[in-house]
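A.B. asks: coordinates only, sequence not included:
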């Protein structure tokens, strides 16, 4: 726990995670591009048709408020690299799609208008950026030529991009109460890992704290965070780090997927969801 920074979070407790991007159009989970080894060119068909006609942040915010939710987190950028906001650092964004507009700002405004705190998810991975190097999660990891060409990429340029977009989001989009980064990668299958050294996490946190001293950070930069984030499982007891109880969040989906899956059959029942909420609260989550 970090001073009084987490007081609002441990009081408010209940939030909504909006997981949405180009992958939603594919209707096959958020990892579809990696699982199907798709190239940028193959995947770009989703950007060319991205025009969410049922985009209604006011309705979403109403539903969250009616359910008693007190904070929200939305995927500003997922692993695919597509940005929901009008980033000045890339053309791979909602404004450069048939949607033709910034889709992040109206969401944040709608939730804030209902006294729901605003949080952003940002993927450290980026399968679209020209200087992001291949790792074990990359869609083109099995393409020998692509892997060889990747060796000439300047990863430091991607890190500058990552830090630059963080500055942009925290400077231009009002009060952001929480940043959910995702995620560091272990070395595997002959590929190098990516962690706090590669992301320059200490420098990044310094930047963040300079812009938003009271913002909450999760623990996926391979540095201690304000929030510990076990995902898709229920802990047996209050989460501890180095033997000490910590502030933690139960990260769960209503089904087996974070992204939209057309043929989903693993929806959790209402009884299960209520039991999970009670169990989480009983363990300090």
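C.D. replies: It's in. Keep in mind that this is a model prediction, so the values were computed, not measured.
A.B. asks: Let me see the ranges of the strands in this protein.
C.D. replies: For the chain, the strands defined by DSSP state E cover 15-18, 71-77, 117-123, 178-182, 216-217, 240-241, 244-245.
A.B. asks: what about the ones you listed, which gets the closest to residue 162?
C.D. replies: strand 117-123 (8.2 Å; CB to CB). No exception for glycine: its C-beta is placed from N, CA and C like everyone else's.
A.B. asks: what sits against residue 225?
C.D. replies: Counting by CB atoms under 8 Å, 6 or more residues apart in numbering, residue 225 touches 216-219.
A.B. asks: Spatially central residue for this protein, please.
C.D. replies: By CA atoms, centre = their mean, the chain has its centre lying nearest to residue 121, at 3.0 Å.
A.B. asks: and the closest residue to residue 135 other than its chain neighbours, how many residues sit next to it?
C.D. replies: Spatially, and ignoring its direct neighbours in sequence, residue 135 is nearest to residue 191 (4.9 Å; CB to CB, 6 or more residues apart in numbering). The number of residues packed near residue 191 is 18, by other CB atoms under 10 Å.
A.B. asks: cool, and residue 119?
C.D. replies: Residue 119: 25 surrounding residues under other CB under 10 Å.
A.B. asks: do the one 4 residues further on as well
C.D. replies: By the measure other CB under 10 Å, the count of residues near residue 123 is 21.
A.B. asks: closest to residue 251 among the contacts of residue 225?
C.D. replies: The closest of the contacts of residue 225, once distances to residue 251 are taken by CB to CB, is residue 218, at 9.2 Å.
A.B. asks: shouldn't that closest one be in contact with residue 180?
C.D. replies: Yes: the pair residue 218 and residue 180 qualifies as a contact (CB atoms under 8 Å) at a distance of 5.1 Å.
A.B. asks: Show me the common contact partners of these two, please.
C.D. replies: In contact with both residue 218 and residue 180: residue 229, using CB under 8 Å, 6+ apart.
A.B. asks: what comes up buried for the top helix by length along the chain?
C.D. replies: When the chain is parsed with DSSP state H, its longest helix is helix 155-172. For helix 155-172, burial by neighbour count (16 or more other CB atoms under 10 Å) applies to 158-159, 161-163, 165-170.
A.B. asks: and the residue lying farthest from the centre of the chain, how far is that from residue 42?
C.D. replies: Distance from the C-alpha centroid of the chain, by CA atoms, centre = their mean, peaks at residue 145 (29.9 Å). Computed with CB to CB, to the nearest Å, the distance linking residue 145 and residue 42 is 16 Å.
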